[in-house]
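*Asks:* What follows is a predicted protein model with its sequence.
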Amino acid sequence: MKLDQLYEEFEQKLYRYAISLTHNSHQADDLVQETFLRAIRNYDSLEKLNYYQRQAWLYKVLRNVFLDDQRLYQLEHDLVEQANTQVRQIQLDSEPVWNLLSDDLWNQIPQQDRELLQKRYVLGLNSQEIAHEMGIPPATVRSRLHLALKKLRAKKSRFL
């Protein structure tokens with residue numbers, strides 16, 4: 001069976017299955033596309049299978065891609081939620097940054113940390129906005145802010 005025949009034979013069936021999983025036409029299109037990309041990569045193996053084995057292989061691949069996407073989405077969601085919880089906890093547990101700072105203490109903080117702290121707590125930018133300005137991921141901004149606050153607290157306790 002040639003690739004174009006494989007596509008003609010299974011594309012609509014796989015699309016209907018993908019719609020039943022996602023309930024979203026764009027996601028269904030992506031799943032079908034990824035399934036056929038994997039079929040192309042494994043064409044030599046698929047060629048040796050009979051019709052029903054090929055069909056089972058394609059359906060299984062589509063389902064696995066769907067499950068992988070769902071796991072990745074959940075992981076990303078959990079990480080963002082965890083980071084937001086940590087940021088809220090830092091803000092609730094700590095005194096405001098501007099109350100921690102004296103000129104001597106401020107000058108002991110590395111320039112990169114000072115820049116982040118100013119953008120977040122003086123200018124009021126959120127991690128998305130800071131990330132866009134600095135060309136780094138928002139999660140990196142949150143991580144660096146967390147570490148900068150930790151360093152700042154440690155220096156404050158030694159400074160007093």
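*Replies:* Sure, I can see it. Residues are numbered from 1 along each chain as shown.
*Asks:* Which pLDDT value belongs to the nearest residue to residue 109 once chain neighbours are set aside?
*Replies:* The spatial neighbour of residue 109 that comes closest, neighbours along the chain excluded (CB to CB, 6 or more residues apart in numbering), is residue 152 at 6.2 Å. (Glycine included, C-beta is placed from N, CA and C.) The predicted structure scores residue 152 at 75 on the pLDDT scale.
*Asks:* Low-confidence stretches in this protein?
*Replies:* Scanning the chain for pLDDT under 70 picks out 86-106, 156-160.
*Asks:* Would you mind giving the domain segments of it?
*Replies:* For the chain, whose domains are defined here by automatic domain parsing, the residue ranges read 3-75, 96-159.
*Asks:* Of all the ones you listed, which one is nearest residue 84?
*Replies:* Proximity of these to residue 84 was assessed by CB to CB; the nearest stretch is domain 96-159, lying at 8.4 Å.
*Asks:* one step back: closest one to residue 85 among the domains of the chain?
*Replies:* Shortest distance between residue 85 and the domains of the chain, using CB to CB, is found for domain 96-159: 11.0 Å.
*Asks:* For the host helix or strand of the residue nearest to residue 109, which residues meet the burial criterion?
*Replies:* Residue 152 is part of helix 138-159 when elements are defined by DSSP states H and E. By neighbour count, with 16 or more other CB atoms under 10 Å as the criterion, the buried positions of helix 138-159 are 138, 141, 142, 144, 145, 148, 149, 152, 155, 156.
*Asks:* mind listing the helices in the chain by residue range?
*Replies:* Per DSSP state H, the chain has helices spanning 3-22, 25-41, 43-47, 51-93, 97-100, 103-108, 111-117, 127-134, 138-159. These are given in chain order.
*Asks:* in the first one, what's buried?
*Replies:* Of the residues in helix 3-22, those buried under the neighbour-count criterion (16+ other CB under 10 Å) are 6, 10, 14, 15, 17, 18, 19, 21, 22.
*Asks:* Out of these, which is nearest to residue 39?
*Replies:* Of all those, residue 6 has the smallest distance to residue 39: 6.4 Å, by CB to CB.
*Asks:* hang on, the closest one packs against residue 39?
*Replies:* Yes - here residue 6 reaches residue 39: they are 6.4 Å apart, a contact under CB atoms under 8 Å.
*Asks:* Need the residues touching each of those two.
*Replies:* Residues touching both residue 6 and residue 39 by CB atoms under 8 Å, 6 or more residues apart in numbering: residue 46.
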